[in-house]
Each structure stands twice: as structure tokens, then as C-alpha cells.
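Peer 1: Give me the fold of what follows.
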Amino acid sequence: PFARRLEARYLSLGGSIRYRSRVERILEESDAARGVVLEDGSEHRSDVVVSAADGHFTIFEALGGRYVDRRLRALYGGETLSPFPSLLLVSLGLARDLRGEPHLVRLPLEEPLRLPDGTEHEWLTYHLHGYDPTLAPEGKTAVSALFETRAHEYWTDLRSRDRDEYKGRKQEVIDRVVELLDRRLGGIAEAVEVSDLATPATVIRSTRNWRGSYQGWMPPRDLLGYKPPKKQLPGLAGFYMAGQWVEPGGGIPPSLRSGRDVAQIMCRRDGRPFRIAPPPRAHDSQM
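Peer 2: Okay, the predicted model is just below:
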């Protein structure tokens with residue numbers, strides 16, 4: 001529902017969305033962005049291009065690394081900031097109502113949980129989503145558990161080399177999490193109706209995020225004094241970047257704000273006032 005409200009708002013303002021249309025290259029002419037080339041080879045031209053996609057892909061693949069300066073080289077070379085790690089996200093659908101339990105629990109483990117990629121975790125952090133009726137049918141509960149890892153290459157290599165072994169390693173992690181939840185809550189193993197595991201390979205395949213990072217750049221120690229990456233690239237007109245790769249710390253609110261910032265920059269460039277369109281009336285915005 002959250003994503004659909006954003007979609008509805010964008011469409012109501014005259015925008016259009018083309019899903020399942022992966023961008024391969026950003027068109028440029030005379031050092032100005034002029035549109036995009038999709039995976040199917042089709043070209044879509046425009047006066048301005050805004051990328052909210054992965055920063056490394058945008059700069060070094062879609063634009064071929066032609067518009068970088070010393071600061072960008074230092075940033076993506078690991079000299080100034082580090083990207084967030086990747087993740088393994090276990091998702092379960094349980095035939096149980098767990099609304100009486102705490103929604104978010106960080107449980108210390110008697111023995112570290114060792115992932116197939118060698119990463120060890122001394123805590124199990126799990127999330128019971130029973131407070132949100134849109135995530136599971138009545139009387140049932142969606143559960144998730146997240147584990148950070150920087151061994152993204154292990155998962156991408158395994159998936160490309162041996163799909164059956166990849167699936168087996170995923171199931172090992174799911175089974176281990178179910179076992180730990182069963183010890184804590186009881187009756188979990190027999191209540192599992194749906195299970196899934198997203199790995200760094202899933203993140204990279206679905207989002208192209210560099211190294212499978214789940215949230216762009218980690219914040220620097222001196223966040224207040226740090227100047228975030230610019231939303232424009234040196235030497236390229238008509239192009240802007242928004243999202244987590246220009247907002248250290250990542251997350252939805254800063255990423256949304258960066259889109260507003262880009263709109264303000266474009267208005268200032270064109271000599272136009274920046275105005276916020278009035279929201280639709282309450283009965284028009286119901287989904």
C-alpha cells in the first residue's frame with residue numbers, strides 16, 4: 001500500500017511508469033544527457049535524466065565512467081565512505097497469530113549462527129509483522145529475520161555455478177532460523193506455511209546495488225560536517241542523481257527528500273518557483 005500510494009500520486013500529477021524496463025545505458029550527446037537505452041535496445045529520449053538507481057552502475061556502467069572527478073574516484077574507491085553490507089533476509093508465513101508477542105526482538109544466541117558464507121552472528125534479530133493486517137491473512141503472521149554479510153561474491157558465484165547447491169544453502173539458513181524461533185516461541189516449525197530467503201545474489205539481481213548493499217553509503221563519523229555526494233556529475237548537463245547513493249545513511253526519508261532537492265535544483269536552473277502540488281482530497285486518495 002505504501003508503494004502504491006506513491007505510484008498513485010505520481011500518476012495523478014501526470015507522470016507515467018514503465019515497469020520491467022531495465023536501463024542499460026544513458027544516452028548522451030555533446031556532454032548532455034538525452035535519454036536512456038533499455039535492455040531490449042529501445043531508446044527513450046528526454047530533456048533531463050534523473051537516476052535514482054545504483055550509483056556505481058549509473059556512473060561507471062550506464063555512463064561508462066566518463067564523468068568523474070577526484071572526489072568521485074575517492075568515494076567509489078573506498079577512500080571516504082563504505083557502502084552498507086549486503087544481507088540475507090529470511091521471510092516466513094506462519095499459521096499462528098503472534099500479535100501478543102513483541103514486534104521486534106534481538107535475541108542473544110548461546111552459540112553463534114554461522115552462515116554458509118562464513119559470516120557469524122551472535123544475535124538473532126527477528127520481526128513479527130502481526131500489527132500490519134495487509135501482510136498476512138487473519139490468524140496468521142509474517143515473520144522476517146535479517147543477517148548482514150559482506151560475502152556477496154560467495155552467493156553470486158554459487159548461484160551462477162550450481163543452482164541446486166545454492167538452493168540447498170538457502171534452505172539451511174531457513175531451517176536454522178526456524179529452529180531458533182521454535183526454541184523461543186514454540187510450535188513454529190509445524191506452523192510454517194511459506195518460507196523464502198533473499199541473498200546478496202537476490203539483491204544484486206533485483207536492484208543492481210553495488211556489492212549487494214541494502215542501503216547505499218554508511219554514514220561517516222562526522223555526519224553533520226560531511227558534504228554528501230553531489231546530485232550532478234562533472235561535465236554532464238541535464239543529468240541528476242537522487243536516492244540512497246547521494247544521501248549517506250540511506251533509508252526512505254532521505255531518499256525521498258533527495259528527489260525533492262533535485263526538483264528544487266531544476267526549478268532554480270530554469271528560473272521557476274518551486275511549488276508543492278496540493279494533495280488529492282481524502283476520498284480521492286483511498287486505495
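
Peer 1: Any idea how far the lowest-mean-pLDDT helix or strand in the chain is from the middle of the chain?
Peer 2: Scoring the helices and strands of the chain by mean pLDDT, DSSP states H and E places helix 2-12 at the bottom, with a mean of 91. Helix 2-12 has its C-alpha centroid displaced from the chain centroid by 18 Å (CA atoms, centre = their mean, to the nearest Å).

Peer 1: following it, which helix or strand shows up next?
Peer 2: strand 23-29 (DSSP states H and E).

Peer 1: Can you give the contact residues for that next one?
Peer 2: Contacting residues not belonging to strand 23-29 are listed as 33-39, 43, 45, 49, 51, 53, 58, 62-63, 66, 236, 239 [CB atoms under 8 Å, 6 or more residues apart in numbering]. (Glycine included, C-beta is placed from N, CA and C.)

Peer 1: Beyond it, next helix or strand please.
Peer 2: strand 32-38.

Peer 1: Check which helices and strands that following strand sits against.
Peer 2: strand 23-29, strand 43-45, strand 49-51 (3 or more CB pairs under 8 Å, 6 or more residues apart in numbering; DSSP states H and E).

Peer 1: Buried deepest among those, which one?
Peer 2: strand 49-51 (a mean of 22; mean count of other CB atoms under 10 Å).

Peer 1: what about the very next helix or strand once past it, distance to the chain center?
Peer 2: Counting by DSSP H and E, the next helix or strand C-terminal to strand 49-51 is helix 55-56. Centroid separation between helix 55-56 and its chain, computed with CA atoms, centre = their mean, is 13 Å.

Peer 1: residues in contact with the helix or strand hosting residue 71?
Peer 2: Assignment of secondary structure by DSSP H and E places residue 71 within helix 70-76. Contacting residues not belonging to helix 70-76 are listed as 55, 56, 59, 60, 80, 81, 229, 233, 234 [CB under 8 Å, 6+ apart].

Peer 1: and those residues, which are buried?
Peer 2: In these, burial by neighbour count holds for 55, 56, 59, 60, 81, 229, 233, counting by 16 or more other CB atoms under 10 Å.

Peer 1: Need the worst-confidence member of those.
Peer 2: Least confident entry in the buried ones among the contacts of helix 70-76, by pLDDT: residue 229, with 86.

Peer 1: That one is in contact with residue 55, isn't it?
Peer 2: Yes - contact criterion CB atoms under 8 Å: residue 229 and residue 55 qualify, at 7.5 Å.

Peer 1: Overlap in contacts, the two.
Peer 2: Here residue 229 and residue 55 share the contacting residues 241, 245, 246, scored by CB under 8 Å, 6+ apart.

Peer 1: Cross those residues against strands and list the overlap.
Peer 2: residue 241 (DSSP state E).

Peer 1: roughly how far apart are the residue nearest to residue 230 when sequence neighbours are not counted and residue 67?
Peer 2: Closest residue to residue 230 apart from its sequence neighbours, by CB to CB, 6 or more residues apart in numbering: residue 246 at 7.3 Å. In this structure, residue 246 and residue 67 are 14 Å apart, going by CB to CB, to the nearest Å.

Peer 1: Looking at these two, which is more packed in?
Peer 2: Set residue 246 next to residue 67 and count neighbours by other CB atoms under 10 Å: residue 246 wins out with 23 against 18.

Peer 1: got the contact list for the more buried one?
Peer 2: 55, 228, 229, 230, 231, 258.

Peer 1: mind putting those in TSV, secondary structure and distance to residue 167 included?
Peer 2: As requested, the contacts of residue 246 are arranged in TSV below (DSSP: H, G, I helix; E, B strand; the rest coil; distance: CB to CB, whole Å):
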residue	secondary structure	distance to residue 167
55	helix	31
228	coil	40
229	coil	38
230	coil	42
231	coil	40
258	helix	37
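
Peer 1: what's stretch 161-180 in contact with?
Peer 2: Applying CB under 8 Å, 6+ apart, the contact partners of stretch 161-180 are 88, 90, 92, 107, 109, 113, 115-116, 124, 126, 145, 147, 155, 158-159, 188-189, 192, 195-197, 199, 201.
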